[in-house]
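A.B. asks: Quick one: sequence and predicted model below, then my questions.
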Amino acid sequence: MIDFLFFAIVVLLAVAAVFSAYQTRVIERAYPNVGELTDIGGFRMNAVHLPRPAAADLPALIFIHGASGNLRDQLAAFAAPLAGRAEMLFVDRPGHGYSERGGPENALPSGQADAIARLMEKRGIDKAVIVGHSFGGAIAAAFGVRHPDKTIGLLFLAPATHPWPGGIDWYYTLAAKPFLGWLFAHLLVIPIGLRRVESGTLGVFRPNERPADYIEKTAPALVLRPRNFRNNAADVANLLTYVTAHASRYRKIKAPTVIITGDSDDIVLEELHSRGLARDIPGAELITIRNLGHKPDYVATDVAIAAIERLAGAPRDLQAIARSAEERIAAQKTEAHGADHAESQAITIS
């Protein structure tokens, strides 16, 4: 009996491993690399580089995605609205998307900031406005501290930059462990994760509506690949200790800074992170948008672009633009509620 149970467990583990390997290839066929790999010294980083157009009216822009993401997230949000206006570099952070991981320093925001600085040099970009969303905010802050000569301005979108109470989700802690994490990532993450992509992406946008084509355009399933999942888990597991030690250094940032956040963000609390940045970075402007969740890059793209223009030196009343965005969000919420109510009535009547 014991031999049979042992054999059954081995078979189940083998099936799970084969399934994960197969699904990894399926995911990569569905979402192939849209960027280009560049050797930055010891490892290769992946990025989509849109060269400076002839009629550009903005400086170079560097976009840094958040946890569980890849360059497609910011690419889908900003490439089209900013087309023809600036040179843009959308990066896969080290160990994410199609970028290689590199050394152990790349498990920290400081190492990833340094990697992005080297990538800029390889791409011939001297200075840029650095745009960081969520976890990318910690990297943007590290970049501003460590590379002031390359920083024209900083735009933080729902940033994760300061210590928070509590911990992190259990699966990050488990996946970051040396042996158990390897087993978890190679046997269970893909079967479980594929079932949660829909609900997970809806939760990231809550209380706002997720674009219908968001999954297709941004390829969130790429993070479910075992190696990427473990890199992502290590980043998240290291973040609290890192920001606890480094948040006091933000006061060294001299670059113009704008922070855009929502008062309904349940993923990264604005009262800790965004207000903390506004307090710690001299001269930073904080834009808090009512009824906005964790995705200002999509829900308030116009505010983010106005902030980029402001950081480039153009006069922009960001508070007034934010109030207009609040009106739009409120109207969308009303429309969505009305549609849900009508559907509910139709179901009841039928």
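C.D. replies: That came through fine.
A.B. asks: Give me the number of neighbouring residues for residue 16.
C.D. replies: 16 (other CB atoms under 10 Å). Backbone N, C-alpha and C define where each C-beta goes, glycine included.
A.B. asks: Please identify which helix or strand holds it.
C.D. replies: Using DSSP states H and E, residue 16 sits within helix 2-30.
A.B. asks: Following element in sequence after that helix, please.
C.D. replies: Immediately after helix 2-30, counting by DSSP H and E, sits strand 36-39.
A.B. asks: which residues are contacting that next one?
C.D. replies: The contact list for strand 36-39, computed with CB atoms under 8 Å, 6 or more residues apart in numbering, reads 44-49, 98-100, 119, 122-123.
A.B. asks: what about 10 Å?
C.D. replies: Identification of contacts with strand 36-39 by CB atoms under 10 Å, 6 or more residues apart in numbering yields 43-49, 91-92, 98-100, 118-119, 122-123.
A.B. asks: quick one: the helices in the protein?
C.D. replies: Assigned by DSSP state H, the helices in the chain fall at 2-30, 71-78, 109-122, 135-146, 170-175, 179-187, 189-193, 197-205, 214-218, 226-246, 274-280, 296-299, 301-311, 318-349.
A.B. asks: how about the third one: buried residues?
C.D. replies: Residues 109-117, 119-120 are the ones in helix 109-122 that count as buried (16 or more other CB atoms under 10 Å).
A.B. asks: got those as TSV, with distance to residue 190 columns?
C.D. replies: What follows is those, written out as TSV (distance: CB to CB, whole Å):
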residue	distance to residue 190
109	27
110	31
111	27
112	25
113	30
114	31
115	27
116	29
117	34
119	29
120	34
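A.B. asks: OK, contacts around residue 30?
C.D. replies: 216, 219, 221-222.
A.B. asks: got it, and residue 255?
C.D. replies: Residue 255 neighbours (CB under 10 Å, 6+ apart): 127, 129-130, 143-145, 147-148, 150-154, 281, 283-284, 311.
A.B. asks: can we see that at 6 Å?
C.D. replies: 144, 151, 153-154 (CB atoms under 6 Å, 6 or more residues apart in numbering).
A.B. asks: same deal with residue 72?
C.D. replies: 218-219.
A.B. asks: before we move on, the earlier item: most packed of the helices of the chain?
C.D. replies: helix 135-146 (a mean of 27; mean count of other CB atoms under 10 Å).
A.B. asks: And it, what does it pack against?
C.D. replies: Packing partners of helix 135-146 (3 or more CB pairs under 6 Å, 6 or more residues apart in numbering; DSSP states H and E): strand 61-64, helix 109-122, strand 128-133, strand 151-157.
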